[in-house]
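> below is the sequence, then the predicted model.
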Amino acid sequence: MPHTVWVANGKGGVGKSVLMMALAAIFESSGRPLRLIDADDKAKLGEFMGPGNVLSLKIGASTDALRSNPSLAYSYWDRLAEEMVERDTGVDVGANMDRHILEWAEKSGLAAVLEESGVTMDVYVPITAEPLAVAGGLEVLETVERIFPQSRRILVLNRKAGAFDAYADTPEFRRIEAMRDRGLYIAEMAGCVSEAWTDFERLKLPPGRVIQLDARAVATMTGLGILAARRAIGDYATWLKQLSLALAPVTTTLPKQS
């Protein structure tokens, strides 16, 4: 049966596209490649993965027009549902698009369509240790729990902006603990310390591509020495492996394909 993976948070810069690319590599290695869909007006995922490898469903209308009339994009997004019932999909929900897409999903009865079609769903919500990122993530998690009660929800603590210790005894994290009691899975995504991380981003290289490169190719592309290039690839591979292990309880327990 098909499976769909969504990555969402209304706040930008929390690692949504990086997480989606990492998930694409994880699913690819497990023999279940995802049909990648960019539901964003910036189409960042396509820049990294190649436009031919990503279905770019922007918003079907200007941002200003959409704010005044969200229904302008509804029929445009119906293709998203068509893709999800046909194959395994990975959907990168762009910043500020989560409310619109979730409203479309609720009005369209998407949860019932997915259930009738045997489609299972995981929703990953990355957050960084910043108030707006935490608030945006909580809003998505609580909305998804209401609209898609059969979905699995995964909160990913992205440590790139620091640790979450200061949030341990806040109302926000008490809400998260309550959701954990209702089945929320929580995983950590460590910051990557690769010497070429910024170079890989500048060159639009996704994780799955980076770990396949040899050191000489990386040295040529980045200007690093050969030893630094070897370390950069190794650190990137270690980061991806750590994330794979953190998410394994979710990614290794998918329903079998029919």
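Sure thing, it's come through.

> helix, strand, or coil at P33?
coil (DSSP: H, G, I helix; E, B strand; the rest coil).

> how much space between it and A25?
10 Å (Cβ to Cβ, to the nearest Å). Bear in mind the C-beta positions are built from the backbone N, C-alpha and C, glycine included.

> more neighbours, the two?
A25 (21 against 15; other Cβ atoms under 10 Å).

> how about G12: what's its closest non-neighbour residue?
Leaving aside its sequence neighbours, G12 sits nearest to A95 (Cβ to Cβ, 6 or more residues apart in numbering; 3.5 Å).

> and for that neighbour, the neighbour number?
19.

> wait, it touches S17, no?
No. Using Cβ atoms under 8 Å as the test, A95 is too far from S17 to be in contact (9.9 Å).

> and the closest residue to W239 other than its chain neighbours, which of the three is it?
Distances taken as Cβ to Cβ, 6+ apart put C192 closest to W239, at 4.1 Å, once the chain neighbours are dropped. Following three-state DSSP, we place C192 in the coil state.

> C192: neighbour count?
Neighbours of C192 (other Cβ under 10 Å): 20.

> contacting residues for it?
D235, Y236, W239 (Cβ atoms under 8 Å, 6 or more residues apart in numbering).

> out of those residues, who's nearest P206?
Of all these, P206 sits closest to Y236, with 10.6 Å by Cβ to Cβ.

> where do the helices of the chain begin and end?
16-29, 44-49, 63-68, 74-84, 98-108, 110-116, 131-147, 171-181, 197-202, 207-210, 215-222, 226-251 (DSSP state H).

> same list (those helices) but as a markdown table, adding distance to D165 and mean pLDDT.
Listed next are these as a markdown table, based on distance: least, Cβ to Cβ, whole Å; pLDDT from 0 to 100:
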| stretch | distance to D165 | mean pLDDT |
| --- | --- | --- |
| helix 16-29 | 22 | 93 |
| helix 44-49 | 30 | 86 |
| helix 63-68 | 36 | 61 |
| helix 74-84 | 38 | 85 |
| helix 98-108 | 27 | 89 |
| helix 110-116 | 36 | 96 |
| helix 131-147 | 13 | 95 |
| helix 171-181 | 10 | 94 |
| helix 197-202 | 24 | 89 |
| helix 207-210 | 27 | 89 |
| helix 215-222 | 34 | 94 |
| helix 226-251 | 18 | 94 |
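
> how about the contacts made by V134?
I127, Y167, E172.

> check F173 too.
F164, Y167.

> distance check, it against A135.
12 Å.

> how's the protein carved up into domains?
Using automatic domain parsing, the domain parsing of the chain gives 3-189, 194-253.

> off-centre distance for the first one?
Here domain 3-189 shows a centroid-to-chain-centroid distance of 6 Å under the convention Cα atoms, centre = their mean, to the nearest Å.

> and the end-to-end length of it?
End-to-end distance for domain 3-189, by Cα to Cα, to the nearest Å: 22 Å.

> now the last one
Its start and end residues considered, domain 194-253 measures 30 Å (Cα to Cα).

> chain center to it, what's the gap?
On Cα atoms, centre = their mean, the centre of domain 194-253 falls 18 Å from that of its chain.

> bridged to the residue lying closest to L55 once chain neighbours are set aside, which residues?
Using Cβ to Cβ, 6+ apart and skipping the chain neighbours, the partner closest in space to L55 is I37 (4.7 Å). Beta-bridge partners recorded for I37 (DSSP bridges): L55, V91.

> any figure for the gap between I37 and P171?
For I37, the distance to P171 - Cβ to Cβ - is 34 Å.

> and the two? Which one has more around it.
Under the neighbour definition other Cβ under 10 Å, I37 and P171 were set side by side, and I37 has more, 24 against 9.

> I figured the more buried one hits W77, correct?
No. Under the criterion of Cβ under 8 Å, I37 is not in contact with W77, lying 10.1 Å apart.
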